[in-house]
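Q: Give me a model of this one.
(4 chains)
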There are 2 protein chains.
Amino acid sequence: MSTPSAIKLPPDTRTRILDLAEGLLLERGFNAFSYQHLAKELGVKPAAIHYHYPSKDDLGTAIVARQLRRLRKWRDLPRVADLPPKEQFDALLAVYENHLGHDRRVCLFGALAADFRTLPAPMQAELRTFNRELTEWLAQVLAVGRATGALRYVGSPAAKAAQVLTTLSGALQVARVHDETPFQVVVGQLRLELLS
Amino acid sequence: MSTPSAIKLPPDTRTRILDLAEGLLLERGFNAFSYQHLAKELGVKPAAIHYHYPSKDDLGTAIVARQLRRLRKWRDLPRVADLPPKEQFDALLAVYENHLGHDRRVCLFGALAADFRTLPAPMQAELRTFNRELTEWLAQVLAVGRATGALRYVGSPAAKAAQVLTTLSGALQVARVHDETPFQVVVGQLRLELLS
DNA sequence: ATTAATGCTTACTAATTAGTAAGTAAGTTA
DNA sequence: TAACTTACTTACTAATTAGTAAGCATTAAT
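A: Residues are numbered from 1 along each chain as shown, chains lettered A, B, ... in the order given. Next up, the predicted model:
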């Protein structure tokens, strides 16, 4: 019982770097932070960052890879996987609302899409996988949701899933440019249409 | 008749800078090009860019300001303003499809939202105005469209307009990360819902 | 004809960037 | 205890960045 799985250890430098970089990525964009920024904030020297993540490409890729691991873990969590479709959809909305409440962070996809062509290839690949798996998950939720009468929409589940995720990603971006209101408006519209 | 309004003059350096910078902004993001890149591509020295746009902030602001002028001009064009709502909506979709066909450029909003907090204040202000005016225009189109029976949706015109624009911006981003297919899928879903 | 504005170039600064190499102190293992 | 590994720091490079200042043709105005 020396290291029970539920106990949170104080994060080591490696993790602290990743946490900070992820935060900056989602708050200011990938090209908007440097190893110097990270080092200063963490109270270490830039070379310490290079020790853990030799290049910025490695760091960026690690951020996306971790988010992908988190997505899979979240999706397969009993308290998510065993929910009925409507509640699964609400759980998804809660994730985006949580981003909003966390200093109006955009989602990973929204943070990287614009600069996509400047990203290292492994990062691009991870982001594609992330988006594909999330879309497939939501499509499945929407399919079951319509079959059970809990959710209402026209078109294919895959098309609706792509539209919804696209909308949510955009909604967080609008919230950044203006304020939280348009996000709430757009999400309200989404719920109105799906749950009517 | 020496300079009829319909004749396109060969663009001067000032305009060529703006065109190139705008293209790079929409294709690779605001932090992904430098005065050196611009200068090399245009066959001038970096200082020539500074002569026309003293700082990158000025250049960025000029890009957004021009897009705002274009939006207003387009919106007020007889061949747009005098159209019935359904055709106005199609005209809007055509703009986004044009972006897609132009090397999968994202829209101005989608290009700047993620990095928004790193942008100079005047640029932020112009982008807010751009988004507000576009949303207001679409809300009006949707309001008339529903009143005349040409367009169908639930909720307020303002909410639906915000949702649609958010979706279109996101759809261009998805097209960049994957390919044109998801854009077509999402736009197809939008049309299916609005024109059913 | 002279002056002045326009549109650059040349030459430079100072800051910042990612990244490397070598060294070091503390802990871990053999 | 000796060798090795981990997690750094110090000190550096080479490239790139935005930006400035001064000079120089060419054109336009007086």
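
Q: Residue A:165: what's it in contact with?
A: Shown here is residue A:165, whose contacts under the criterion Cβ atoms under 8 Å, 6 or more residues apart in numbering or on different chains are A:109, A:131, A:134-135, A:138, B:170. For glycine as for every other residue, the C-beta is placed from the backbone atoms N, C-alpha and C.

Q: Please list which of those residues are also close to DNA strand D.
A: The subset of those lying close to DNA strand D, counting by Cβ under 7 Å from any atom of the strand, is empty.

Q: quick check: longest helix of chain A.
A: Longest helix in chain A by number of residues (criterion: DSSP state H): helix A:121-147.

Q: What's the mean pLDDT across that one?
A: This predicted structure assigns helix A:121-147 an average pLDDT of 98.

Q: Quick one: distance of the next helix or strand after that helix to the chain centre.
A: Elements were assigned by DSSP states H and E; along the chain past helix A:121-147, the next helix or strand is helix A:157-177. Centre-to-centre, helix A:157-177 and its host chain are 12 Å apart (Cα atoms, centre = their mean, to the nearest Å).

Q: do stretch A:61-78 as well
A: Centre-to-centre, stretch A:61-78 and its host chain are 9 Å apart (Cα atoms, centre = their mean).

Q: Okay, buried residues for it please.
A: Of the residues in stretch A:61-78, those buried under the neighbour-count criterion (16 or more other Cβ atoms under 10 Å in any protein chain shown) are A:61-68, A:71, A:74-75.

Q: Stretch A:43-50 too?
A: Under the neighbour-count rule (16+ other Cβ under 10 Å), stretch A:43-50 has A:44, A:48-49 buried.

Q: which other residues reach that stretch?
A: Applying Cβ under 8 Å, 6+ apart, the set of residues contacting stretch A:43-50 from outside is A:13, A:17, A:35-36, A:38-39, A:42, A:59.

Q: now that stretch, how far from the centre of its chain.
A: For stretch A:43-50, the gap between its own C-alpha mean and the chain's C-alpha mean amounts to 26 Å (Cα atoms, centre = their mean).

Q: repeat for stretch A:67-85
A: In terms of Cα atoms, centre = their mean, the centre of stretch A:67-85 is set 13 Å apart from its chain centre.

Q: likewise stretch A:86-101?
A: Computed by Cα atoms, centre = their mean, the separation of stretch A:86-101 from the middle of its chain amounts to 11 Å.

Q: Likewise for stretch A:181-195?
A: Relative to the chain's own centre, stretch A:181-195 is displaced by 19 Å; criterion: Cα atoms, centre = their mean.

Q: can you list the residues that contact it?
A: By Cβ under 8 Å, 6+ apart, the residues outside stretch A:181-195 that reach it are A:86, A:89, A:93, A:96-97, A:100, A:151-153, A:164, A:167-168, A:170-172, A:174-175, B:153-155, B:158-160, B:162-163, B:166, B:193.

Q: Just the buried subset of these, written out for ChimeraX, thanks.
A: Entered in ChimeraX, the line below selects the buried ones among these, by 16+ other Cβ under 10 Å:
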select /A:86,89,96,97,100,151,153,164,167,168,170,171,172,174,175 /B:153,155,158,159,160,162,163,166,193
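
Q: can you narrow the contacts of stretch A:181-195 to ones near DNA strand C?
A: Applying Cβ under 7 Å from any atom of the strand, the subset of these adjacent to DNA strand C is empty.

Q: thinking again about what came up before, filtering the buried residues of stretch A:43-50 by proximity to DNA strand D, which remain?
A: Among those, the ones lying near DNA strand D by Cβ under 7 Å from any atom of the strand are A:44, A:48.

Q: Can I get the buried residues of stretch A:43-50 in a markdown table including pLDDT and secondary structure?
A: Below are the buried residues of stretch A:43-50 laid out as a markdown table (pLDDT from 0 to 100; DSSP: H, G, I helix; E, B strand; the rest coil):
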| residue | pLDDT | secondary structure |
| --- | --- | --- |
| A:44 | 96 | coil |
| A:48 | 97 | helix |
| A:49 | 98 | helix |
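
Q: Let me have the buried residues of stretch A:43-50 in TSV, extended by distance to residue A:114.
A: Converted to TSV, these look like this (distance: Cβ to Cβ, whole Å):
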residue	distance to residue A:114
A:44	30
A:48	30
A:49	24
